[in-house]
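Participant: The following block contains a protein sequence and its predicted model.
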Amino acid sequence: MICLLIDSRPGADLGEENYIKELLSMGERVVRTSISPYPSTLERIKERGGVSPVIERDINRLYDMYSRALRQVSLTGEEACLIVDCLNGAIHDANSAPMMWASVADGIELDGLDTKWNVDGPALVDKLKGLTEIQSMAIIDAAERFWVTPDRDQDMAVTVAELFMIK
């Protein structure tokens, strides 16, 4: 079992014990939780330093990168809704993310999602083909967050716009 310390600042490169002491001395609120990584993942974390500070730092980096990547992608609300609809239940990892456009192309061809969402399907697929890996992962992450949002059904367009940072 690993304790994950959640802190709003980037984790300092301290040992586990010193990291906890520093947070507590600063009056930071620390939340303990457990995770169960695969042994290979745990080794990758330990190669980078203390478990909690590395996880905290790396998660913050990743989420910051997702936010930046989403702001670089120009999607309409309808396009984002189509993507969310298409990725419902899909599983993508860093290796398959660059091919996310193929899932969308299938949803358009097989389920007529472009008609449902009033989107130019081929243009959307071309747009998705031009994304970087991190932009594709950010879109996948936003779609996954939609499906775990408790009030997602109240107004899909509003929730999707918020998650995809569409103005």
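Facilitator: Perfect, I can see it now.
Participant: downstream neighbour of the host helix or strand of A138 in the secondary structure list?
Facilitator: Using DSSP states H and E, A138 sits within helix 133-147. Per DSSP H and E, helix 133-147 leads on to helix 156-163 as the next helix or strand towards the C-terminus.
Participant: Hey, what's the angle from that next one to helix 133-147? Just curious.
Facilitator: 140 degrees (axes from the mean of the first three to the mean of the last three CA atoms, to 10 degrees).
Participant: So which elements touch helix 156-163?
Facilitator: helix 77-87, helix 133-147 (3 or more CB pairs under 8 Å, 6 or more residues apart in numbering; DSSP states H and E). In this view, the C-beta of every residue, glycine as well, is placed from N, C-alpha and C.
Participant: For V158, find the nearest of those helices.
Facilitator: helix 77-87 (8.9 Å; CB to CB).
Participant: Report the distance from the closest one to the chain centre.
Facilitator: For helix 77-87, the separation from the chain centroid amounts to 15 Å (computed by CA atoms, centre = their mean, to the nearest Å).
Participant: tell me the angle that helix makes with helix 156-163.
Facilitator: Using the same axes, to 10 degrees: helix 77-87 against helix 156-163 is 90 degrees.
Participant: mind listing what's buried in the helix or strand that comes right after helix 77-87?
Facilitator: Counting by DSSP H and E, the next helix or strand C-terminal to helix 77-87 is helix 100-111. Buried residues in helix 100-111, counted by 16 or more other CB atoms under 10 Å: M100, W101, S103, V104, A105, G107, I108.
Participant: Pipe the helices and strands packed on helix 156-163 into JSON lines and attach mean pLDDT and distance to R32 per row.
Facilitator: Formatted as JSON lines, the helices and strands packed on helix 156-163 follow (pLDDT from 0 to 100; distance: least, CB to CB, whole Å):
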{"stretch": "helix 77-87", "mean pLDDT": "97", "distance to R32": "32"}
{"stretch": "helix 133-147", "mean pLDDT": "96", "distance to R32": "24"}
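Participant: Any idea which of the ones you listed gets closest to L42?
Facilitator: helix 133-147 (22.0 Å).
Participant: Just give the nearest non-adjacent residue to the residue most central in space within the chain, would you?
Facilitator: Nearest residue to the geometric centre of the chain (CA atoms, centre = their mean): D141, 3.0 Å. In this structure, D141 finds its nearest non-sequential neighbour in Y66, 5.3 Å apart by CB to CB, 6 or more residues apart in numbering.
Participant: what does A94 give?
Facilitator: M137 (6.5 Å).
Participant: For that neighbour, give me its contacts.
Facilitator: Y66, A69, H92, A94, A97 (CB atoms under 8 Å, 6 or more residues apart in numbering).
Participant: No further questions, thank you.
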